[in-house]
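1. Fold the stuff below for me.
(4 chains)
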2 protein chains.
Amino acid sequence: MNSLFKALSHPVRRRIIAMLRSGPLSSGDIAAAFDMSWPTVTGHLNALKEAELVSTEREGQSIRYRLEISAVEEALAFLMDLSGTGKTDEEDKAP
Amino acid sequence: MNSLFKALSHPVRRRIIAMLRSGPLSSGDIAAAFDMSWPTVTGHLNALKEAELVSTEREGQSIRYRLEISAVEEALAFLMDLSGTGKTDEEDKAP
DNA sequence: GTTGCATTTAGGGCTTTTCCTAATTAGCCC
DNA sequence: GGGCTAATTAGGAAAAGCCCTAAATGCAAC
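-> Alright, predicted model coming up:
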């Protein structure tokens, strides 16, 4: 859960997941969309993967990244709880 | 918007806003709830304030921090767009 | 096998974040 | 005003994050 919000905290990573909204993309397609080196994008993809915001799957000789909605929903649940929509006491303890 | 998610990316700051859910609290009350120095908590409160997640108001000799729901809702909107609930193309450009 | 393409790992530099202690400001109350 | 309490700013050390280039891996196709 900590890695979830940490993953969402970087503009490039938010843009990546927004790109993935309309369907899976290969690492190359994603890297091409940014003005930074491919390895740097890989780093961001790893962060997203660790947060379980994306999953990977091999497709021929490329690898497809798919958005995992369930992780997005987890973040949504936290925020909705905050905004009074929900009542549960969902919270991560200990710093 | 970037500072919003960055503010949400730290466990202590998420706990602070969760505490504030049930009503405003003084800086001292908040600091007392954590096992860290008061100035460190002040730093986190400043981050939340910069993200406009909290607002301040003097109350006698203490200062009250209040949760600003509108900022939470902004984050909610972004995530709902991602999860397919909405259709708008809200996105922050340029890293 | 080996060549070739897509992607990742390794290593390093630079900036930012996080946390601390010590010193300082801000405002209430007598 | 003067003292007290609440809260902040200053300064600095340690850790984490971000980005790069160069080297390595994984598969597929020949």
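2. Wait, a helix at residue A:52?
-> No - the assignment for residue A:52 is coil, going by DSSP: H, G, I helix; E, B strand; the rest coil, so no helix is present there.
3. any idea which residue sits dead centre in chain A?
-> The residue lying closest to the centre of chain A (Cα atoms, centre = their mean) is residue A:53, at 3.5 Å.
4. I'd say residue A:11 and residue B:3 touch.
-> No - with contacts counted by Cβ atoms under 8 Å, residue A:11 stays clear of residue B:3, the gap being 10.9 Å. In this view, the C-beta of every residue, glycine as well, is placed from N, C-alpha and C.
5. list the contacts for the residue in chain A that chain B sits nearest to?
-> Closest approach between chain A and chain B, counting by Cβ to the nearest Cβ: residue A:9, at 3.8 Å. Contacts for residue A:9 (Cβ atoms under 8 Å, 6 or more residues apart in numbering or on different chains) come out as B:2, B:5-6, B:8-9.
6. Neighbour-wise, which one of the residues you listed leads?
-> Comparing those by number of neighbours (other Cβ atoms under 10 Å in any protein chain shown), residue B:8 comes first, having 27 neighbours.
7. what's the pLDDT at that residue?
-> The model reports residue B:8 with a pLDDT of 98.
8. Could you measure from the closest residue to it other than its chain neighbours over to residue B:61?
-> If you skip the residues right next to it in sequence, residue B:8 has residue A:5 as its closest partner in space, 4.9 Å away by Cβ to Cβ, 6 or more residues apart in numbering or on different chains. Between residue A:5 and residue B:61 the computed distance is 34 Å (Cβ to Cβ, to the nearest Å).
9. So what's the residue count around residue A:11?
-> Other residues within reach of residue A:11, judged by other Cβ under 10 Å, total 17.
10. meant to ask about residue A:66, not that
-> Burial of residue A:66, expressed as a neighbour count using other Cβ under 10 Å, amounts to 13.
11. next one: residue A:51
-> Residue A:51: 22 surrounding residues under other Cβ under 10 Å.
12. Chain neighbours aside, what residue packs nearest to the residue in chain A positioned nearest to DNA strand C?
-> With Cβ to the nearest atom of the strand, the shortest gap between chain A and DNA strand C falls at residue A:28, namely 2.2 Å. Once flanking residues are discounted, residue A:28 sits nearest to residue A:62: 6.2 Å by Cβ to Cβ, 6+ apart.
13. Check what pLDDT that neighbour gets.
-> In this prediction, residue A:62 carries a pLDDT score of 95.
14. Next, the contact list for it, please.
-> With contact taken as Cβ under 8 Å, 6+ apart, residue A:62 is in contact with A:26-28.
15. Low-confidence stretches in chain A?
-> Low-confidence regions of chain A, defined by pLDDT under 70, span residues A:85-95.
16. where along it do the helices fall?
-> Chain-ordered helices for chain A, with DSSP state H as the definition, fall at A:2-8, A:11-20, A:27-32, A:38-50, A:69-82.
17. Brilliant, that's me finished.
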